[in-house]
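# can't give you the sequence, but here's the structure:
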């Protein structure tokens, strides 16, 4: 990896990591980009009959990524109808359920209107002593990790998600960051992680241009919603949140929420997290015609950066899964199972190969291996190189919408009905 790439990866890691001894503290892991620390040990091959340390039933319909710390695995969960929202804690060594607690009850949750999302898609965040469970506007709770007792909760943050909540929370210093991009309101909120009180709230400044002749947003405002999770990077000496929403991606001053810059486009229902590499923000524009934009940003970047992309890619770009960067290459899997490798320098395609199934979850990388999990239950392990090489195909009985999580001694896969700890053959 070139020196510049290593420097930017290091700076991102410093800001994003919630604590030095966390295992998998939030969605996309300790560096917010899907990279598993090299010192850990992930398996190459497994199946329902081999390589499984344990398999624990987790009934419900929730696609959040588990978070892991101090030998415990935490997940948000929800009933299929959304009337009960809960937290599940599993012992990482044995697979035994330690806590299974209902946090919120909802008399009339809004129907999802699709089969892709559920009511428990936002992933938690965890640190020493506390885990933060989030269900969008349905509620946010802070729990004691020793007892699962409630420390604080919020149920007063408005947002009509319309298709269900999806954005995960992240931690920054003393703040818990919530992304609320609905059909009615769109904003980021920073809560004091000790008390749950709002420290700052910043509205999106998007110009929607979607008002119909009746004076109302077309498609009930469906083109205004998004499901993304921000990342934190260092630009000079300043920590900046990079946050993707419908029609625009923003840079916000992390400590205050002040908008610094934005990039506009036509996409909506965005789910993929942005990436930062070699001075470029890599943006996935979402539904419509998904496009990757590589936009240069520096500490002094301000205002509207639309039209400044160094490159863009339009072929086989996923609408749901986040991309991943390894060295000088970006890897992504389209919803229909086409894996593509691009050069991060210019967006040029290096290779593109199809595997079976459909994909929603985001990949992880470990020691030159990429792990892609599909909705039918298969995990394809592919070499993170400039030449396509399939290393293994690993089949489970249930499909996966959640992204993988990892710890020092194994891979954790959440299927539609179970949580697996995979240690390999």
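Thanks, I have it. From a predicted model like this one, the values you see are computed outputs, not experimental measurements. Residues are numbered from 1 along each chain as shown.

# which stretches in the stretch 151-300 of the chain count as strands?
Using DSSP state E, counting those that start in this stretch, the strands of the stretch 151-300 of the chain run over 170-172, 175-181, 186-192, 198-203, 231-235, 238-245, 248-253, 259-264, 275-277, 280-284, 292-296.

# by contact count, what packs against the third one?
Packed against strand 186-192 by the contact rule (3 or more CB pairs under 8 Å, 6 or more residues apart in numbering; DSSP states H and E) you find strand 175-181, strand 198-203, strand 238-245. For glycine as for every other residue, the C-beta is placed from the backbone atoms N, C-alpha and C.

# packing partners of the first one?
Spelled out, it's strand 175-181. Applying 3+ CB pairs under 8 Å, 6+ apart, we find strand 175-181 packed against strand 140-144, strand 170-172, strand 186-192, strand 238-245.

# any idea which of the ones you listed is most buried?
Comparing those by mean neighbour count (mean count of other CB atoms under 10 Å), strand 238-245 ranks first with a mean of 25.

# run me through the strand neighbours of it, direction for each.
Strand 238-245 has these partner strands in its sheet, going by DSSP bridges: strand 231-235 (antiparallel), strand 248-253 (antiparallel).

# could those strands be laid out in a markdown table, adding mean neighbour count, mean pLDDT and distance to residue 110?
Formatted as a markdown table, the strands paired with strand 238-245 follow (neighbours: other CB atoms under 10 Å; pLDDT from 0 to 100; distance: least, CB to CB, whole Å):
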| stretch | mean neighbour count | mean pLDDT | distance to residue 110 |
| --- | --- | --- | --- |
| strand 231-235 | 22 | 97 | 28 |
| strand 248-253 | 23 | 98 | 25 |
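
# pLDDT below threshold where in the protein?
Counting by pLDDT under 70, the ranges of the chain that qualify are 1-22.

# burial of residue 348, as a residue count?
Using other CB atoms under 10 Å, residue 348 has 11 other residues around it.

# hmm, residue 342 and it touching each other?
Yes: taking CB atoms under 8 Å as the contact criterion, residue 348 and residue 342 are neighbours in contact, 6.5 Å apart.

# could you report the neighbour count for residue 398?
Per other CB under 10 Å, the neighbour tally for residue 398 reads 15.

# check contacts around it.
377, 415, 416, 417, 418 (CB atoms under 8 Å, 6 or more residues apart in numbering).

# if we can go back for a sec, closest one to residue 26 among the helices and strands packed on strand 175-181?
strand 170-172 (5.6 Å; CB to CB).

# re the thing from before, CSV for the strands of the stretch 151-300 of the chain, including distance to residue 307?
Shown next, in CSV, are those (distance: least, CB to CB, whole Å):
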stretch, distance to residue 307
strand 170-172, 29
strand 175-181, 23
strand 186-192, 22
strand 198-203, 24
strand 231-235, 20
strand 238-245, 17
strand 248-253, 13
strand 259-264, 9
strand 275-277, 20
strand 280-284, 13
strand 292-296, 9
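
# I'd assumed residue 411 was in a strand, is it?
Yes: under DSSP: H, G, I helix; E, B strand; the rest coil, residue 411 falls within a strand.

# in space, what's closest to it - neighbours in sequence excluded?
Using CB to CB, 6 or more residues apart in numbering and skipping residues adjacent in sequence, the residue nearest residue 411 is residue 422, 4.3 Å away.

# contacting residues for that neighbour?
The contact partners of residue 422, by CB under 8 Å, 6+ apart, come to 43, 46, 51, 52, 53, 410, 411, 412, 413.

# swap in 10 Å and give it another go.
Neighbouring residues of residue 422 by CB atoms under 10 Å, 6 or more residues apart in numbering: 42-43, 45-47, 51-55, 371, 379, 394, 396, 404, 406, 410-413.

# just the buried ones from those, in ChimeraX syntax?
Entered in ChimeraX, the line below selects the buried ones among these, by 16 or more other CB atoms under 10 Å:
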select :42,43,46,51,52,53,54,55,371,379,394,396,404,406,410,411,412,413
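
# buried residues in stretch 284-300?
For stretch 284-300, by 16+ other CB under 10 Å, it's 284, 285, 286, 287, 288, 290, 291, 292, 293, 294, 295, 297.

# again with stretch 164-179
Buried residues in stretch 164-179, counted by 16+ other CB under 10 Å: 164-172, 175-179.

# from the residues you listed, pick the one nearest residue 27.
So of the buried residues of stretch 164-179, ranked by how close each gets to residue 27 (CB to CB), first place is residue 168, at 4.0 Å.

# what's that closest one sitting at in phi/psi?
Note on residue 168: backbone dihedrals following degrees, to the nearest 10 are phi -90, psi 160.

# could you measure from it over to residue 36?
Counting by CB to CB, to the nearest Å, the gap from residue 168 to residue 36 is 18 Å.
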